[in-house]
Structures are given as C-alpha cells and as structure tokens.
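Q: my questions concern the predicted model and sequence given below.
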Amino acid sequence: MSDTSEPAENAVPSKYTVESSNEVHLHIEDHGGEGRPVVLIHGWPLTSESWDAQVDVLIAAGFHVVTYDRRGFGGSATPESGYDYDAFADDLRSVLEDLDLEDATLVGFSMGGGEVARYASRHGMQRLHSVVFASAVPPALMQSEQNPDGPLDEETFQQMRDGLEQDPESFYDQFVTNFLSAQGELMVSEGEHAEVLALARQADQRAALGAMDAWARTDFRSDLESVTVPALILHGDSDAVVPFEGSGRRTHESLRDAELVLIEGAPHGVNVSHPDEFNRGLIEFLVR
C-alpha cells in the first residue's frame, strides 16, 4: 500500500490506495480511522468520490472508512463482461478479504444496495456487523406479474436505456438532474451538480449499460432473507429515481426490526443534497 495523502495539522488518518487481489483489478481506498470498518459502496453511474461528504465525518466519529470503485467505473478495471450482481458481490468480498475487515458495516447506496443484498445471500454474514440500504434499489425495481409493486415499468426503462445508448452526454445531464432534484427542484448548487455530472461521465459505456441492466432487472427479494444483522433503511421521501414507496419501504417491511430514517424533501442523491441529515442518521445507527 502507498500513502497518497499529505500531512496536515489535526489531520485525518492517511488515505491509502490498496492493490486488490481480485481477478478484475479494483481501485480501493482505505481512508483510515481506528474503529469498526464502514465500507461505502457507491451508486450508478458514479464513483467512490461521491462519498466525499461522508468520509471525514465518519472518521471523526470513530470509524475506519473504506471506499472502492465498482468494476467499470472510476479507477477500477473495465472487463468485457461480468456486470451482474454475482460478480459485483464477489468483488465486494475481495475488498473485505484484501483488507481483512471484520465486524464491518456495509453501506450500499442506490445500486450499491443490491451488492449488500447479494453479498448476504452469496457470502454470508460472518464478516458483518450491520448493513445500510441508502436510496437503494432492493427489493426489486422492475414491475412484473411477479412484482406488481415494482416502481419501474419496462417502457420507462427501455427509454432510459435507449437514451444512454444513443446520446450518453444528454442522458447523463438529465439523469443527474433528476438524481439531485426533489419535486422538480434542484436541491444542490450548480457547482455540486457539475461535480456529480463529471463523475457520471467517467463511466465506461459498456459497464454503464451492463450495470443498468443489472440494477433494473435483478430481483433481490430472496437475497434479503439472508440479511440477519441489524439493518438501516435510509432514504429521501422525494426520491424520483428510486421511489421510497416501491423500494425503501418494501425493504424495511421485509427486514424484521430494520430501522428507518426517511429524510423529508430529499432526492435520490440524499447524501449529497442533505449531508447533515444523512450523516446524522447513519452515525446514530452505527454507534448503537
């Protein structure tokens, strides 16, 4: 591991870039901290930099913070295939194993909540203390006869996918606007919008399309049955991308004794738009 930080007065512990042992190279950053590990799993189509408003706050609260870029995004490798949740969950396992993390909390944002659910069913709870589903896609987004309460219909999804295929620049601009808007109003500054948009536009096109298919079409209802550690559902009540009623509420109902923090007036990108409320809800759960 190589130190990538610069010393500063009252410094946060050093950040390290970790060489992953995974078959597909992952960009992993160990941000330091002395307490229990918290692994932050970013949403689509962003990178681990989307957690900037959380990292230092969590370290200051006494936690050991780890972030990584999903395959095909940020600094991680871009394989030709493997953009499904089995592969994503196996990548997450490699992060925990490479850093030898025990008693960890997984915080999955948006599609990252799918990694948390699939990790639970595929690899078990042995390394975990708790899990967090933040603006997360479980239990199942795509509406069907078997999933009538899914908030995403086939026509809307196909329009989104066609938009990404045909004009990714315009697609990302509109998607990020929706991501950061509540009831049609942008909830962040123009500068923050531009920063998130820049992260989205880094995504490899093949990875973005493959991951889009995965988060839209994967059914996590049976995966959630494997979650046996304490869980938190953290969601904005004005999420227009992954609506609470069709996602967070259903996940909360399916997980016995799960806690719920619903942030008023918050969009999908609640950790960016409402960082104080998001961080407070997350830390109050972590310290219990």
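A: Thanks, I have the structure now.

Q: CA atoms of the one helix or strand residue 260 maps to as PDB?
A: Residue 260 belongs to strand 259-263 when assigned by DSSP states H and E. Extracted in PDB, the C-alpha atoms of strand 259-263 (Å, rounded to 0.1, in the frame of the first residue of the first chain):
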ATOM      1  CA  GLU A 259     -34.600   0.800  11.300                       C
ATOM      2  CA  LEU A 260     -35.900   3.500   9.000                       C
ATOM      3  CA  VAL A 261     -34.700   7.100   8.500                       C
ATOM      4  CA  LEU A 262     -36.800   8.900   6.000                       C
ATOM      5  CA  ILE A 263     -35.400  12.400   5.100                       C
END
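
Q: contact partners for residue 179?
A: 196, 241, 267, 268, 269 (C-beta atoms under 8 Å, 6 or more residues apart in numbering). Bear in mind the C-beta positions are built from the backbone N, C-alpha and C, glycine included.

Q: could you look up the next helix or strand downstream of the strand holding residue 260?
A: Downstream of strand 259-263, the first helix or strand assigned by DSSP H and E is helix 270-273.

Q: packing partners of that next one?
A: helix 52-60, strand 231-236, helix 275-286 (3 or more C-beta pairs under 8 Å, 6 or more residues apart in numbering; DSSP states H and E).

Q: strand partners of the second one, parallel vs antiparallel please.
A: Strands that pair with strand 231-236, judged by DSSP bridges, come out as strand 128-134 (parallel), strand 259-263 (parallel).

Q: what about the shortest one, distance to the chain center?
A: Centroid separation for strand 259-263 versus its chain: 16 Å, with C-alpha atoms, centre = their mean, to the nearest Å.

Q: most widely separated two among the contacts of residue 179?
A: Spatial extent of these (C-beta to C-beta) is set by the pair 196 and 241 at 12.4 Å.

Q: just checking, residue 88 touches residue 118?
A: Yes - using C-beta atoms under 8 Å, residue 88 is in contact with residue 118, at 6.9 Å.

Q: quick one: the contacts of residue 179 as TSV, columns for pLDDT too.
A: Converted to TSV, these look like this (pLDDT from 0 to 100):
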residue	pLDDT
196	98
241	98
267	98
268	98
269	98
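
Q: quick one, what contacts the nearest residue to residue 246 once chain neighbours are set aside?
A: With C-beta to C-beta, 6 or more residues apart in numbering as the criterion, residue 246 has its nearest non-adjacent residue at 3.0 Å, and that residue is residue 151. Counting by C-beta under 8 Å, 6+ apart, residue 151 touches 141, 143, 242, 243, 245, 246, 247.

Q: for residue 187, same thing?
A: For residue 187, the contacting residues are 180, 181, 265, 266, 267, 269, 273, 274, by C-beta under 8 Å, 6+ apart.

Q: look up how far residue 43 lies from it.
A: Counting by C-beta to C-beta, to the nearest Å, the gap from residue 187 to residue 43 is 16 Å.
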